[in-house]
Every structure is written in C-alpha cells, then in structure tokens.
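J.: could you look at this predicted model? Sequence included:
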Protein chains: 2
Amino acid sequence: MPCISIDCVIFGFHDNQLKVLLLKIVNLDGYGLPAGFIYKDEHIDDSAKRILNERTGLHDIFLQQFYVFGDPRRCDNNITKITFENTGINPPKNNWLLQRFLTIGYYALVDFKAVNATPDYFSEDCEWHDIHDLPAMAMDHNDIVQQALVMLRTHLRYEPVGYNLMPEKFTMPELQKLYETVLDRKLDRRNFQRKMISYGILKRLKLRRLNVAHKAPYLYSFDLRKYHKALNEGFKSAW
Amino acid sequence: MPCISIDCVIFGFHDNQLKVLLLKIVNLDGYGLPAGFIYKDEHIDDSAKRILNERTGLHDIFLQQFYVFGDPRRCDNNITKITFENTGINPPKNNWLLQRFLTIGYYALVDFKAVNATPDYFSEDCEWHDIHDLPAMAMDHNDIVQQALVMLRTHLRYEPVGYNLMPEKFTMPELQKLYETVLDRKLDRRNFQRKMISYGILKRLKLRRLNVAHKAPYLYSFDLRKYHKALNEGFKSAW
C-alpha cells in the first residue's frame, strides 16, 4: 500500500537494561528502526508480525500498535530515498517512497536471548542498544522510540507487562528491577510486592532461588491464564 | 494522501447519556462517522481538527488519536463508493477511494450544548445517538465506536477525563454520573469521592448547589493547570 509504512520498536531486557533493536543503515553513519510496508491484502497487524519475524526469527511476539506518526516534515530527510541511493536501486520517479508517507508505530516485547537479529536489505547490521544510549537515528525514529517508551510506561499502569521480557521463573526483586528499568526510577520494595500480588497474575512456586547471599527468595512465574485475562480486561484496581 | 482516511468518534454527555455524533448518509438507510482525508502537506492531527470543526463548529476540541483500523476486508462494503454513486459523482476508475484504505481513529470529547452539528456533502443529517442505541453503521464504523469507548474507559484509569464533557461547575454526584455512564456500571459514592479528590485536579468552590432536596452539595470545577499537568504526566497513583 502506498504512503504508509510500519516502524517497529523491539524492546528486550538484558543485564538490567532496557534495550532496543536497531539497524545500521548500509553506507550511512546512522541507524534506523526495523521497518517495512503493507502488502495489498495484508492486515496491518500481520505486516508488523512479518517485519518482526524477519528481523528476530521469532513468532508469537507480544506486539502492540501504539501511534501513527503523521507530521508532513518527518520525511524531509527521507531515509528510504537515501538508502535507495546507497544501495544503487532507483525507484521510479515521483514514486511515493520519495515523498511524504505516514508510519504506524508498533512496539514489541521480546525474549532478548531468543532473538536471532538479522539485518534487512538496506542495513549492514542489527544491534541491541541501551535505551539510555541510543545513537542518532534517521527521520523521526528517535521520537518514535521515545513515544513507544511513554506507551510502555503507561501500559504498566493498567495491564500486565513482563511476560516475554522475564525468564520463565523469577524472583520478586528481579521483576521489580524490570519495572524500575522501564520507569527509570526506584520503587519501594514492599509496595511493589503488595501491588504486584494484588493483581493476581503471579504464581508463587515451591522452589526458591538458591546460591544467593541472603535468605533464599521465592520464585514466581506468571499465571498465563490470569495474565491474558488481565491483558484483555485491564487490572480491576482502578475504577 | 491516498489510501488513508480519518474517522472521528465525537462523544458528548447529555441527560446522563453518553452520545455519539453520527451522519445519516444521503439516499442510504445507514449511518457513518464524521470522516475525511488528509491534505498533502497537512499534519494528521490538523486533518482531524479540521474534520471536527467542519461537523461541530468547535475549535480547541479535546482530541485523541486512538487506533488505526487496517483489516483489508473493512472496505468490502465501501461507503465511499456507495455514497459516490448515490450523489452522482464518479471518481476516476481504479481510484484508491474504490479500493482498500486504512483509517486512523480519533476520538473527541465535546460540550454537547456548544455543538452546531452540520452534515457534510455525503450526508443529509448529523445527529446525536445514545451509545447504547446506535444504528447499523457503514463499513467497520460500529467497531470503531466500540474501540473508542474501550480507549476512553482505559484513559479514565490513568488520566483526567471530564473537562469538555461537564459544565463549568458541577457537584460530585454529577461527575460520578459521568464516570458511571462511560464505564456503564455503578460506583461506590465514598470511594469515588476519595479517589477523585486524591487526584488533586478539582477545586471546591465556595458556592453550593441550591434548590435540591437534601443538604446542598458542594460545587466543584476543574483546576485546569493541574488537570493539564495530569493529562501530560498521568496520575501519580499507579506505579
């Protein structure tokens, strides 16, 4: 479909850092988000899944459409035009790819260790970058990442987040670390535990984490049935 | 811009009903949402504002982009094609208007009494309908309204809603009625009052509402500085 692209902000959690998967553009000292276009008969959600699968090798990714970026000036420094030139391909003159187009932002939460990062045709590398240390990116891609982060933080307020980002079994301090990393601030340990348990989406396991300095902490996993119910309906704790 | 439209769900609150502004399509026993297209050099938010202004006469409307509808089958029963035929205008063959296009959904919260509802070129009337009693609408417009309602309910959880929907001065029971109408369920009076006051977005006025049966209730208005701060930052009460 002409005049519309899809840009994907792929978040992973590793070493207590929130990371984003970026492409290093061929022959250009710059980065961009994994992106693509919409086939004529394709649902836009399927386009996003396809783009994510091509860059990560993953299926069944948690994926959320979050915003359409529609400033006419966002294409002033058109990455598509530049990458076409750099790769020696000439699109037809007056093609929509050389003009203004909108982009639909999706964000994905993925298991960092399961990703097989694969560059696309216009890029020479596909790398994870810490959200606090992002390189300059083409067009409005830095803004798109910031907006995805705002939406991720907002979603923390009323729906479960964490499955796909956490290992299968985790301690409460490990889950708190994910929240603190996404929110970029410290949380009170006891409030966090109380609130998280009140959501009813965790199972406390019989095993405890061994080989730690202090008292062995409980291990938890997500109760996926309740997790997905809360994902559809939101937490009850608000209104 | 080709292949993309904008659809607007305009909510108003009147007689304790949540209402939506719909267009009655010319020569067709059906309704549709106020909609339009994006000029070549126009920011999509400005397109939405323009469409809303044309249908309501209002400026400075609270307006929120909420979703892109991108199912390829949404244009199977293409309202644009039908209305073109009904109004005797023939768009060029193979024009994108006759094919699949995406639509960006915006919802607006407006002062019911300030609206000067004005039909567009393809419609013979512009009417308010109760959210519980919507007529059959063209294409996926019923789904678009439902999704807008889901988003409005979600936004109630973490940001202020009500300015534009309420009169300038209101009692706590009147504000609670708005929340109950949007959420479509009863809320506990004392919990509502406690929670709403904890958000710090209300000013209690010196005047009370007179001419009521029981003890004269306090009047409130929104503290617009704090209201807009909370709109940008969300309520603090979550994480």
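T.: Looks like it came in fine.
J.: top strand in chain A by residue count?
T.: Using DSSP state E to define each element, chain A has its longest strand at strand A:4-14.
J.: that strand near chain B at all?
T.: Yes - Strand A:4-14 lies in contact with chain B when judged by Cβ under 8 Å from any Cβ of the partner chain; the contacting residues are residue A:4. Heads up, the C-betas are built off the backbone N, CA and C, glycines and all.
J.: can you check stretch A:179-187 too?
T.: Yes - applying Cβ under 8 Å from any Cβ, one finds stretch A:179-187 in contact with chain B at A:179, A:183, A:187.
J.: with only the CA atoms kept, save that stretch in PDB.
T.: Coordinates of the C-alpha atoms in stretch A:179-187 are reproduced here as PDB (Å, rounded to 0.1, in the frame of the first residue of the first chain):
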ATOM      1  CA  TYR A 179       9.700  -2.200  36.400                       C
ATOM      2  CA  GLU A 180      12.400   0.100  37.700                       C
ATOM      3  CA  THR A 181      14.300  -0.100  34.400                       C
ATOM      4  CA  VAL A 182      11.200   0.700  32.300                       C
ATOM      5  CA  LEU A 183      10.100   3.500  34.600                       C
ATOM      6  CA  ASP A 184      13.600   4.700  35.200                       C
ATOM      7  CA  ARG A 185      13.200   5.200  38.900                       C
ATOM      8  CA  LYS A 186      13.400   3.300  42.200                       C
ATOM      9  CA  LEU A 187      10.300   1.700  43.600                       C
END
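J.: neighbouring contacts of that stretch?
T.: Defining contact as Cβ atoms under 8 Å, 6 or more residues apart in numbering or on different chains, one finds that stretch A:179-187 is touched by A:13, A:16-18, A:149, A:152-153, A:156, A:161, A:176, A:192, B:239.
J.: and the helices in chain A, which stretches?
T.: Counting by DSSP state H, residue ranges of the helices within chain A are A:44-56, A:79-87, A:141-158, A:172-183, A:189-198, A:224-233.
J.: ok, which of those comes nearest residue B:96?
T.: Residue B:96 sits nearest to helix A:44-56 of all the helices of chain A, at 16.1 Å, using Cβ to Cβ.
J.: could you dump the closest one to PDB, C-alpha only?
T.: Written as PDB, here are the backbone C-alpha positions of helix A:44-56 (Å, rounded to 0.1, in the frame of the first residue of the first chain):
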ATOM      1  CA  ILE A  44      -1.600  -4.200   9.200                       C
ATOM      2  CA  ASP A  45      -1.100  -6.400  12.300                       C
ATOM      3  CA  ASP A  46       0.200  -9.200  10.000                       C
ATOM      4  CA  SER A  47       2.500  -6.800   8.300                       C
ATOM      5  CA  ALA A  48       4.000  -5.900  11.700                       C
ATOM      6  CA  LYS A  49       4.300  -9.600  12.700                       C
ATOM      7  CA  ARG A  50       6.100 -10.300   9.300                       C
ATOM      8  CA  ILE A  51       8.600  -7.500   9.800                       C
ATOM      9  CA  LEU A  52       9.300  -8.600  13.400                       C
ATOM     10  CA  ASN A  53       9.700 -12.200  12.300                       C
ATOM     11  CA  GLU A  54      12.100 -11.200   9.500                       C
ATOM     12  CA  ARG A  55      14.300  -9.200  11.900                       C
ATOM     13  CA  THR A  56      14.200 -11.500  15.000                       C
END
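J.: specify the angle between the least confident helix or strand in chain A by mean pLDDT and helix A:141-158 in degrees.
T.: For chain A, scoring each helix and strand by mean pLDDT, DSSP states H and E identifies helix A:79-87 as the least confident one, at a mean of 74. Using axes from the mean of the first three to the mean of the last three Cα atoms, to 10 degrees, the direction of helix A:79-87 lies 130 degrees away from that of helix A:141-158.
J.: for helix A:79-87, name the packing helices and strands.
T.: strand A:17-25 (3 or more Cβ pairs under 8 Å, 6 or more residues apart in numbering or on different chains; DSSP states H and E).
J.: show residues contacting the strand it packs on.
T.: A:9-13, A:30-34, A:55-56, A:79, A:82-83, A:86, A:112, A:115, A:117, A:119-120, A:122-132, A:134-135, A:137-138, A:145, A:181-182.
J.: now for residue A:3: which residues touch it?
T.: With contact set as Cβ under 8 Å, 6+ apart, residue A:3 has these partners: A:96, A:99-102, B:1-4.
J.: and for residue A:83?
T.: Neighbour list for residue A:83: A:25-26, A:28, A:122 [criterion: Cβ under 8 Å, 6+ apart].
J.: now flag whichever of those is closest to chain B.
T.: The shortest approach to chain B among these belongs to residue A:122, at 22.8 Å (Cβ to the nearest Cβ).
J.: hmm, residue A:196 is touching residue A:175, no?
T.: Yes - in terms of Cβ atoms under 8 Å, residue A:196 counts as a neighbour of residue A:175; the distance is 6.8 Å.
J.: what residues does chain A have near chain B?
T.: A:1-4, A:38, A:40-45, A:47, A:65, A:67-68, A:70-72, A:96, A:100, A:102, A:104, A:154, A:156-158, A:179, A:183, A:187, A:195, A:234, A:238-239.
J.: could you tell me the least trusted of the helices of chain A?
T.: Lowest mean pLDDT within those: helix A:79-87, a mean of 74.
J.: buried stuff in it?
T.: A:79-80, A:82-84 (16 or more other Cβ atoms under 10 Å in any protein chain shown).
J.: ok, now stretch A:51-63?
T.: Of all the residues in stretch A:51-63, those buried under the rule 16+ other Cβ under 10 Å are A:51-52, A:55-56, A:58, A:61-63.
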